[in-house]
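Asker: Provide a 3D model corresponding to the input given below.
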Amino acid sequence: MGQSMWDQATDKYFQAINIVRLNSELKTSKDGKTLELACRSNIAHCKLQLKDYVSVMEQCEKVLE
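Answerer: Residues are numbered from 1 along each chain as shown. The predicted structure is shown next:
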């Protein structure tokens, strides 16, 4: 995958996180939390492929919180 595809994937994962956060029921549900964690892990993977190590650490820290 090229850089633009990793960037596009990252954007989609951030969009999914925003949808979860804007929905008060989903935000507090187990499924919503699981979805956000999965998205953040996938963002970290995308950023790793782009060698953006600072963003990788930021996303991993959010997952661990």
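
Asker: what about this protein, any weak spots by pLDDT?
Answerer: For the chain, not a single residue meets the criterion pLDDT under 70.

Asker: which residue is most remote from the mean position of it?
Answerer: Within the chain, Glu25 marks the point farthest from the mean C-alpha position, 19.3 Å out by C-alpha atoms, centre = their mean.

Asker: from Asp31, how far out is that residue?
Answerer: Glu25 sits 10 Å away from Asp31, going by C-beta to C-beta, to the nearest Å. (C-beta placed from N, C-alpha, C; glycine too.)

Asker: what's the answer for Ser4, then?
Answerer: 31 Å.

Asker: re the thing from before, residue contacts, the residue farthest from the centre of the chain?
Answerer: The contact partners of Glu25, by C-beta atoms under 8 Å, 6 or more residues apart in numbering, come to Gly32.

Asker: next, the buried residues of the helix or strand harbouring it.
Answerer: For Glu25, the host element (DSSP states H and E) is helix 24-28. For helix 24-28, a neighbour-count test (16 or more other C-beta atoms under 10 Å) marks nothing as buried.

Asker: gap between it and the chain center?
Answerer: 17 Å (C-alpha atoms, centre = their mean, to the nearest Å).

Asker: cool, and stretch 27-42?
Answerer: 9 Å.

Asker: again with stretch 8-25
Answerer: The answer for stretch 8-25 is 8 Å, by C-alpha atoms, centre = their mean.

Asker: just the buried residues of it, please?
Answerer: Buried residues in stretch 8-25 (16+ other C-beta under 10 Å): Ala9, Thr10, Tyr13, Ala16, Ile17, Val20.
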